[in-house]
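Participant: Can you look at this prediction? I've put the sequence above it.
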Amino acid sequence: MESILDQLLIASDDPIILRQMVVWLSALSVFILVLGGAVLAINYFDPLRRRVNTLAGKAHKEQRLVLKVATAVGPVAAFVLPQNELERNTVMLKLHRAGFRTPIALQAFYLIKIMIILLLPLMVVVAGNWMPDIESNKILVYSLIAGGIGFILPSYVLDKLVESRARALTNAFPDALDLLVVCVESGLGLAAALQRVSDELGVSHPELAYELATVNAEVRVGVPREQALKNLAERTGLEDIRGLVGLLVQTMRFGTGVADALRVYSEEFRDKRTQKAEEMAAKMGTKLIFPLVLCMFPMFFVVAVGPAVIRIMDAFSQM
């Protein structure tokens with residue numbers, strides 16, 4: 001590693017060698033992108049695969065599209081996926097919490113990440129060739145910075161998508177809990193109540209509606225109800241839903257009434273929301289100090305003290 005750094009430092013002193021390195025790196029990036037696109041195209045337009053997909057045309061249109069993309073990305077997946085299983089599981093969990101549940105979500109994420117890592121430095125190199133005033137060593141530095149940004153950017157965007165979906169689920173949870181209490185108290189079973197709440201929230205809160213529908217779908221295919229509820233808590237990663245799932249699991253395990261347990265939990269959750277709102281209101285005064293000091297007080301001092309300062313300066317200038 002040190003020898004490579006020494007060679008790069010030596011090459012940075014010679015602009016001709018440095019420009020040749022940039023050109024070769026650009027050519028390598030283009031070659032990798034073209035090769036990856038060719039592999040995807042060959043697998044996508046393979047007549048045998050298209051014939052198989054035609055014969056298996058009973059699936060929905062979206063499922064067939066996912067299958068086509070999965071077969072096309074399959075040969076590339078072995079090269080783009082990390083070898084560390086812990087990292088793969090962590091990224092897969094983030095993708096699930098962001099709402100990406102397709103079988104190719106992990107492969108697509110790393111494929112996009114590699115393409116961004118290659119494209120951003122390539123764009124910097126192309127832009128640098130149109131600007132002859134920029135030195136070659138600066139182009140190399142900017143390309144490395146662009147590659148670092150391309151390495152960080154997909155993970156950053158994924159984290160923001162996870163946070164956005166978590167906020168949407170958090171905002172939808174109180175309405176879902178109230179509807180669930182009403183449905184259970186009206187005589188519906190837990191599965192029917194979850195399905196009814198999912199149908200009612202399909203327009204206003206589609207994220208939570210999808211999660212509740214997924215629970216019923218898992219139960220219908222044979223997953224135990226307790227495990228399906230635990231999967232819901234794991235997919236969302238929210239403490240409120242985790243608490244509700246724990247309550248429902250204990251209720252089913254010990255045979256207590258679901259309606260009474262949901263009513264008590266709803267009251268506790270409402271009290272917790274009230275306390276959280278009061279806490280946020282109490283912190284508002286402290287949070288307003290910095291905008292007032294930085295924005296309003298300087299203008300106030302300029303208006304209040306400014307004329308007096310001007311008069312004092314005029315008085316000293318006339319002496």
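Facilitator: All right, it came through fine.

Participant: Can you list the low-confidence ranges for the protein?
Facilitator: 1-80, 132, 319 (pLDDT under 70).

Participant: swap the cut-off to 50 and go again
Facilitator: Low-confidence segments of the chain, defined by pLDDT under 50: 1-2, 4-5, 8-9, 11, 42, 44-60, 62, 66.

Participant: In it, mark out all the helices, start to finish.
Facilitator: Per DSSP state H, the chain carries helices over the ranges 2-13, 15-44, 47-55, 61-80, 85-98, 105-129, 136-185, 190-200, 206-220, 225-236, 239-254, 258-287, 289-291, 297-318.

Participant: Export those helices as CSV, with columns for mean neighbour count.
Facilitator: C-beta coordinates here come from the backbone N, C-alpha and C atoms, glycine included. Putting the helices of the chain into CSV (neighbours: other CB atoms under 10 Å) gives the following:
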stretch, mean neighbour count
helix 2-13, 11
helix 15-44, 14
helix 47-55, 11
helix 61-80, 15
helix 85-98, 15
helix 105-129, 18
helix 136-185, 16
helix 190-200, 19
helix 206-220, 18
helix 225-236, 18
helix 239-254, 16
helix 258-287, 13
helix 289-291, 9
helix 297-318, 10
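
Participant: Surely V162 touches R97?
Facilitator: Yes. Counting by CB atoms under 8 Å, V162 sits close enough to R97 to count as a contact (4.8 Å).

Participant: list the residues that contact both of those two?
Facilitator: When contacts are counted by CB atoms under 8 Å, 6 or more residues apart in numbering, V162 and R97 have G237 as shared neighbours.

Participant: nearest spatial neighbour of I149, skipping sequence neighbours?
Facilitator: L120 (6.2 Å; CB to CB, 6 or more residues apart in numbering).

Participant: my guess is that neighbour contacts G147, does it?
Facilitator: Yes. Using CB under 8 Å, L120 is in contact with G147, at 6.4 Å.

Participant: distance of the nearest residue to P121 once chain neighbours are set aside from Y210?
Facilitator: Of all residues not flanking P121 in the chain, S143 sits nearest, at 3.9 Å (CB to CB, 6+ apart). Noted for S143: a distance of 41 Å to Y210, by CB to CB, to the nearest Å.

Participant: do A166 as well
Facilitator: Taking CB to CB, one finds A166 at 14 Å from Y210.

Participant: mind checking how far stretch 145-164 is from the chain centre?
Facilitator: Offset of stretch 145-164 from its chain centre (CA atoms, centre = their mean, to the nearest Å): 9 Å.

Participant: Also stretch 257-266?
Facilitator: Distance, centroid of stretch 257-266 to centroid of chain: 33 Å (CA atoms, centre = their mean).

Participant: Likewise for stretch 121-141?
Facilitator: 32 Å.

Participant: Span of it from start to end?
Facilitator: Separation of the first and last residues of stretch 121-141 by CA to CA, to the nearest Å is 10 Å.

Participant: just stretch 128-142 next, same as before
Facilitator: 9 Å.

Participant: can you check stretch 279-293 too?
Facilitator: So stretch 279-293: terminal residues 23 Å apart, CA to CA.

Participant: what sits against L208?
Facilitator: So L208 contacts A168, L169, A172, F173, A176, L201 (CB under 8 Å, 6+ apart).

Participant: Including distance to R311, could the residues you listed go into a markdown table?
Facilitator: As requested, the contacts of L208 are exported to a markdown table (distance: CB to CB, whole Å):
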| residue | distance to R311 |
| --- | --- |
| A168 | 58 |
| L169 | 61 |
| A172 | 61 |
| F173 | 61 |
| A176 | 66 |
| L201 | 66 |
